[in-house]
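> Here is my input; please provide its structure:
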Amino acid sequence: MKKYGLALLKQIRRQDGFRGPVLTLLSGSSVALLLAYLAQPILTRLYTPEAFGLADYFTSLVVVLMTVASFRYEDALMQPEDDKEAGAVWWLAISLLVLSTCICALLLPWRTEIADLFGIPKLAPWLFFVPPTLLAMRIWKLTEVWLTRFRRFHMLPVGQVSNTAAMIISRIGAGVRGYGAGGLIGGFFLGHFAGAIILTVVSISLTGTVLKESFQPRLWITMAQRYRRYALFSMPSTLLGSLLSRLPFLLIPFFFNEAVLGFFGRSFLALAVPLSFIGTAIAQVFFVQASESHRIGKLHELTETVHARLVMLGLFPTLVVMLVGGDLFEVVFGSTWRPAGDYLRYLAPWLFLAAVSSPLTRLFDVLERQRLDLLSSAAIFVVLLVALVWSGKQGDVLLLLRTLGIAGVTTRVFHLLILLYLAEVPYRDAAKTYVRYFLIALPGLLLLIPTFFVGVPLFTVGMAFLSGVTYGIMILWKDDLITDP
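Residues are numbered from 1 along each chain as shown. Below is the predicted model:
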């Protein structure tokens, strides 16, 4: 056991290769994720589903705006070989972000009309938080990408943990005082503000000289012209991608009340958040490694490995929540939130495939296929939009969930096939990955069978834990992840 512990520590501390940086990022993500999940049982008892529904809509709105706030020039940060030119790209993205934030602030006098237009009038008082939250979130992400360029992976978890801790503390404090949706929204802003401040200070301390030398507006204009494809193609395609994941949050208020949105949000985030933590860490490292692998003709090998790891990490929890999600939610979040767990039966496959394909979308940038990225994202968006509007008009929540689940799985499979084709990964090999990890997961899943006969939620939680331990042991045995270089 000591030998494996030392081997794992050695892998985490490595900054070369692929696994070392990913494990470094996941070490911070794991702490942040653990804090977030430990807080959820408290928060779900302090806030109502309606309050979560309003907060989820606010978050979705800011996340969508964030994708276009800097015109996606940060995606070009890995392209210049010269650090001074990369710094100019960073300053260009910051300048565009400030401009976007100012435009949002100018719209605030019409916040009531905007909230009515979105179909959620109760959100109007909280739209004041949109500009500062947008600024904080994007600065945090821009500094993360900047530090990733310099392979300062070990600094990124500091921002993640600071963000989560500040968000949790402020949300719990506001919830105790009975602030409702405002407490959740204000906590969301404070968390990202803390993360942005810390990573900005780190960036200045580590790369201040480069940033100072690249503070040349003329050079920014040159970089804007050189990498205009990111603004012309990556920005609209990324916007569509963000809308794909947030479209249900934005449209559900037109057909159902805030409580349904709150249940959907907890269901969505319970699985999507941990998978996105993992996916974001992998995507950050994949972006750097993919460019290098493409130059030496090994992009297909890297893509196949990353795809397999994403399936390994996401398939098992997806199957578990599909089988016993209702019981898990009842125990962890309270009986009020059981419907959110039941929603996962229909949404989990879509969320899983989204988590697998999203990190691989960096292939579009590496291979300079932004036009294809835009076209495929547009096609997926249209399918999901039609599915949501049609099923929402029927007024049946379960019909909406089923339709959305089917449409989500179909579109994500389509997206994944395009990405694997671009990387020249054989479809047969990719399919074998899913079969392999399903068979590895099967012994653990079989432990859940008694829960359907006992019918006691607490017993289900215990068996789910044993099931997870079994899967972990099987992975360590079959994949030899710790000792394998």
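> Tell me which stretches of the stretch 51-200 of the chain form strands.
Counting by DSSP state E, counting those that start in this stretch, the stretch 51-200 of the chain has no strands at all.
> Low-confidence ranges, this structure, go.
1-30, 277, 280-281, 283-284, 287-288, 480-485 (pLDDT under 70).
> other SSEs contacting the helix ranked longest in it?
Looking across the chain with DSSP state H, the single longest helix is helix 258-295. Counting contacts by 3 or more Cβ pairs under 8 Å, 6 or more residues apart in numbering; DSSP states H and E, helix 258-295 packs against helix 19-46, helix 49-69, helix 130-149, helix 235-255, helix 299-333, helix 338-360, helix 362-366. C-betas here are computed from N, CA, C, even on glycine.
> Figure out which of those is closest to Ser293.
Closest approach to Ser293 among those (Cβ to Cβ): helix 299-333, 4.4 Å.
> got the contact list for Arg309?
Ile282 (Cβ atoms under 8 Å, 6 or more residues apart in numbering).
> hang on, the earlier thing: quick check: which of the helices and strands packed on helix 258-295 is nearest to Pro80?
helix 130-149 (9.3 Å).
> will you turn the helices and strands packed on helix 258-295 into a markdown table that also has distance to Leu385?
As requested, the helices and strands packed on helix 258-295 are exported to a markdown table (distance: least, Cβ to Cβ, whole Å):
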| stretch | distance to Leu385 |
| --- | --- |
| helix 19-46 | 30 |
| helix 49-69 | 14 |
| helix 130-149 | 23 |
| helix 235-255 | 7 |
| helix 299-333 | 24 |
| helix 338-360 | 15 |
| helix 362-366 | 21 |
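> Val202: which of the ones you listed is closest?
Using Cβ to Cβ, the nearest of the helices and strands packed on helix 258-295 to Val202 is helix 130-149, at 6.9 Å.
> got the angle between that closest one and helix 49-69?
Going by axes from the mean of the first three to the mean of the last three Cα atoms, to 10 degrees, helix 130-149 is angled at 60 degrees with respect to helix 49-69.
> and the angle from helix 130-149 to helix 258-295?
Using the same axes, to 10 degrees, one finds that helix 130-149 and helix 258-295 are set 30 degrees apart in direction.
> Off-centre distance for helix 130-149?
Counting by Cα atoms, centre = their mean, to the nearest Å, helix 130-149 is centred 14 Å from the centre of its parent chain.
> With stretch 196-204 instead?
In terms of Cα atoms, centre = their mean, the centre of stretch 196-204 is set 21 Å apart from its chain centre.
> How about stretch 149-168?
Relative to its parent chain, stretch 149-168 has a centroid offset of 15 Å by Cα atoms, centre = their mean.
> Show me what counts as buried in stretch 87-95.
Across stretch 87-95, burial judged by 16 or more other Cβ atoms under 10 Å covers Gly87, Ala88, Val89, Trp90, Trp91, Leu92, Ala93, Ile94, Ser95.
> Reformat those residues as TSV; add distance to Phe58.
Shown next, in TSV, are the buried residues of stretch 87-95 (distance: Cβ to Cβ, whole Å):
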residue	distance to Phe58
Gly87	33
Ala88	33
Val89	30
Trp90	28
Trp91	29
Leu92	28
Ala93	24
Ile94	24
Ser95	26
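> gap between Ile94 and Thr143?
Distance, Ile94 to Thr143, using Cβ to Cβ, to the nearest Å: 10 Å.
> in the protein, which residue is closest to the centre?
The centroid of the chain falls nearest to Ser276 when counting by Cα atoms, centre = their mean (3.4 Å).
> need the contact list for it.
With contacts defined as Cβ under 8 Å, 6+ apart, the neighbours of Ser276 are Ala355, Ser358.
> distance of it from Val382?
From Ser276 to Val382 the distance is 24 Å (Cβ to Cβ).
> do His300 as well
Separation of His300 from Val382 (Cβ to Cβ) stands at 30 Å.
> For these two, work out which one has more neighbours and name it.
His300 (17 against 12; other Cβ atoms under 10 Å).
> Spatially nearest residue to the more buried one (excluding sequence neighbours)?
Spatial nearest neighbour of His300, excluding adjacent residues (Cβ to Cβ, 6 or more residues apart in numbering): Glu424 at 4.4 Å.
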